[in-house]
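# Just the structure for this:
(one chain, ligands or ions: 1)
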Amino acid sequence: MAETGQTQNHSFSTDAAKVLKLMIHSLYSNKEIFLRELVSNAADASDKLRFKALSDDSLFEGDGNLRVRVSADKENNTLTISDNGIGMTHDQVIEHLGTIAKSGTAEFFSQLSGDQAADSQLIGQFGVGFYSAFIVADKVTVRSRAAGVLASEGVEWVSAGEGEFTTSTIEKSNRGTDIILHLKEEETEFADDWRLKSIVTKYSDHISVSVEMLTPEVPAVEAVEEQKDADGNITQPAVEAKEAVPAKWEPVNKATALWTREKADVSDDEYKEFYKHVSHDFADPLLWEHNKVEGKTEYTSLLYIPTKAPFDMYNREKQHGLKLYVQRVFIMDDAEQFMPTYLRFVKGLLDSNDLPLNVSREILQDNKVTQAIRKGCTKRVLKMLERLGKKDAEQYQVFWNEFGQVLKEGPAEDFGNKEQIGKLLRFASTNEDSAIQNVSLDQYVERMKEGQEKIYYVVADSFEAAKNSPHLEVFRKKGIEVLLMSDRIDEWLISHLTEFDGKQLQSVTRGGLDLGQMDDEETKEAQEKLEQEFDSVVTRIKASLEGKVKEVKLSQRLTDSPACIVTDENDMSSQMMKLMQSVGQEVPESLPIFEINAEHELVKHIADEQDDDQFNQWTQVLFEQAMLAERGSLKDPASFVTRLNKLMLSLTK
Ligand SMILES: Nc1ncnc2c1ncn2[C@@H]1O[C@H](COP(=O)(O)OP(=O)(O)OP(=O)(O)O)[C@@H](O)[C@H]1O
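So this is what the prediction gives:
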């Protein structure tokens with residue numbers, strides 16, 4: 001560490017100047033939020049100290065009255081946010097304030113467009129926290145001393161937000177952090193007490209730490225005796241003596257932890273502001289629920305569903321979870337034990353009366369109370385979403401578009417709530433043939449045709465591929481709805497969601513197609529007749545494709561295409577094979593079933609072909625075409641092209 005007074009120069013770890021410039025530009029129209037961010041950090045620092053002091057009281061250094069102070073100096077155009085929380089060491093300052101952003105930043109910032117409205121949403125998702133100070137300041141000084149270290153081990157961090165910062169060791173007698181903003185010339189409004197007070201009450205009323213501002217000194221008043229002129233008229237009224245009232249720090253926020261209040265006493269705006277404090281999100285939440293649970297396990301939960309997904313939501317390793325309080329004392333951030341991974345977008349907090357104050361992540365892991373709360377919270381979120389889905393389809397769609405992919409991990413992770421999660425899923429379907437995923441399984445079941453027993457779906461690489469799959473032909477003809485799935489996770493989802501509402505989910509590309517009672521007797525008879533007629537052709541094709549197919553069948557699913565590939569009931573689906581291959585996994589060899597459409601002109605043509613060589617060529621081409629349509633690639637594409645060319649050439653003769 002440097003000697004006191006010695007200054008060290010550092011560079012920010014990313015393209016900081018650019019990032020800051022973009023951020024300032026994007027957030028400028030809502031610049032006052034910098035104060036919310038800084039007060040929020042200061043309140044967090046107080047919470048952290050209170051928690052640490054549970055096991056080491058001496059960290060309070062005799063001052064357990066934790067508060068945040070906001071003060072302005074008009075003359076020097078500065079604004080100071082000061083806390084007596086946990087503070088930071090020299091190394092922590094470099095770690096926390098020297099990294100403008102976390103991993104994935106470069107990629108994230110490449111998405112910014114220069115359009116202020118769109119960018120501010122993106123930046124909000126990203127969370128700028130401390131650095132929002134640079135929206136209004138051209139220089140920021142941070143002076144901090146960590147709780148429990150010597151006064152001489154304070155640290156000062158200074159930066160103009162242009163890619164570099166300096167640190168030096170300072171003497172700081174009081175514990176905690178002072179953030180001093182040297183306001184830009186045009187931002188004098190933030191050195192005005194009234195303005196500051198109104199921002200603090202607007203954004204920070206609900207946080208549990210007291211935010212104080214200095215009420216200026218009222219000077220003493222000397223007593224004056226009443227004086228009258230000769231006619232008895234008062235020329236000088238009496239003035240009573242008053243003692244000077246010294247300047248005083250007074251709380252300007254309510255400082256009652258919002259979740260401890262009665263629901264009926266909390267306004268929507270207060271819930272929204274509190275969300276921004278706990279989540280570091282800039283946008284309003286989509287919905288929330290606040291509950292006091294009584295009974296065997298007692299706790300309060302305040303759970304929020306965000307409107308926008310954070311930029312790194314798909315990273316399953318990313319920290320997530322709820323803030324945990326025990327008897328109103330902050331214990332930890334990101335307590336992931338209370339939410340399953342597929343609900344990792346849920347933000348908010350829990351306050352438990354049943355956990356010990358010295359609870360650690362390890363204790364939480366294997367704890368009955370944790371399990372009961374997790375179960376309760378999971379059910380609550382699922383219910384909350386189900387209600388939204390029923391009440392407001394438009395809002396639900398906003399949710400689904402942001403978080404649907406994550407929710408699809410649910411049935412695999414949370415078997416017990418499979419049916420409940422199933423109700424929340426939305427898919428594209430042949431009902432509308434649009435890529436928008438807005439069909440629920442309940443809606444599907446409602447629309448099922450008479451005699452239809454299963455829920456049909458197709459999984460493909462893209463929506464277009466799913467929509468145009470030859471396997472859908474007979475379903476379209478009969479007017480049976482099929483769910484069109486094309487998200488990467490869908491195959492995984494469907495392998496865990498095999499039933500809904502007592503109805504089996506059935507892939508249209510798999511196994512024998514049994515449309516059950518939906519085929520009338522006439523159709524069945526016609527099919528049997530065709531099968532007899534084509535018996536020898538099928539045997540011939542089978543011989544021609546020896547070693548390449550498991551079986552050859554007359555298709556019941558095709559109307560327009562000559563042939564298609566079907567996966568045997570117990571084999572791995574084409575989509576799962578592709579998924580495994582894409583992550584470098586070995587895929588067990590399994591032969592497909594080849595189905596031909598006896599009504600198709602090409603198939604009729606082959607059936608009549610007497611020349612064995614020609615017959616083989618046609619069969620191979622039909623087979624390879626079907627493989628291409630289903631799997632997207634061929635083992636030997638060059639031979640396919642040669643064969644096709646040869647056949648086309650023969651047609652020109
Ligand atoms: N007043 C403070 N006292 C102690 N530590 C602080 C203070 N302000 C900031 N920090 C530290 O600096 C870190 C970075 O703060 P910053 O506001 O940039 O991000 P954040 O609050 O962690 O999250 P987000 O980026 O989502 O806002 C904090 O996590 C905290 O460790």
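# What's opposite residue 81 in the beta bridge?
Beta-bridge partners of residue 81, counted by DSSP bridges, are residue 70, residue 179.
# what number of residues lie near it?
Residues lying near residue 81 (other Cβ atoms under 10 Å) number 24. Backbone N, C-alpha and C define where each C-beta goes, glycine included.
# Let me see the contact set for it.
When contacts are counted by Cβ atoms under 8 Å, 6 or more residues apart in numbering, residue 81 touches 35, 38-39, 42, 68-70, 178-179, 181.
# What distance do you get for it to residue 31?
15 Å (Cβ to Cβ, to the nearest Å).
# residue ranges with poor pLDDT in the chain?
Scanning the chain for pLDDT under 70 picks out 1-5, 13-16, 100-128, 313-319, 512, 514-519.
# residues from it in reach of the ligand?
Contact residues (Cβ under 6 Å from any ligand atom) of the chain with the ligand: 37, 41-42, 45, 83, 85-88, 96-97, 127, 129-130, 177, 280.
# and the residue in the chain that the ligand sits nearest to, what does it touch?
Of all residues in the chain, residue 129 sits closest to the ligand, at 2.2 Å by Cβ to the nearest ligand atom. Going by Cβ under 8 Å, 6+ apart, residue 129 touches 37, 41, 280.
# repeat for residue 560
470, 473, 600.
# Okay, and which of the residues you listed map to helices?
Secondary structure defined by DSSP state H assigns residue 473 of the contacts of residue 560 to helices.
# out of the contacts of residue 560, who's nearest residue 365?
For those, the residue nearest residue 365 by Cβ to Cβ is residue 470; the value is 50.2 Å.
# How about the contacts made by the residue lying closest to that closest one once chain neighbours are set aside?
Distances taken as Cβ to Cβ, 6 or more residues apart in numbering put residue 561 closest to residue 470, at 3.8 Å, once the chain neighbours are dropped. Taking Cβ under 8 Å, 6+ apart, we find residue 561 in contact with 470, 473, 597, 600, 626, 629.
# which phi and psi does residue 561 have?
The phi and psi values for residue 561, taken as degrees, to the nearest 10, are phi -90, psi 150.
# Got phi/psi on the closest residue to residue 573 other than its chain neighbours?
Distances taken as Cβ to Cβ, 6+ apart place residue 567 nearest to residue 573, at 5.3 Å, with adjacent residues excluded. Backbone torsions for residue 567, taken as degrees, to the nearest 10, come to phi -90, psi 140.
# cool, residue 165 as well?
phi -150, psi 160.
# Distance of the nearest residue to residue 248 once chain neighbours are set aside relative to residue 77?
Sequence neighbours aside, residue 215 is the residue nearest to residue 248 in space, at 5.0 Å (criterion: Cβ to Cβ, 6+ apart). Distance, residue 215 to residue 77, by Cβ to Cβ: 21 Å.
# Walk me through the domains of this protein.
As given by automatic domain parsing, the domain ranges for the chain are 7-215, 258-401, 518-652.
# first to last residue in the longest one, what's the distance?
In this case it means domain 7-215. Terminal residues of domain 7-215 lie 36 Å apart, using Cα to Cα, to the nearest Å.
# And it, how far out from the chain middle?
Its chain's C-alpha centre and that of domain 7-215 lie 25 Å apart, by Cα atoms, centre = their mean, to the nearest Å.
# Thanks again, I'm all set now.
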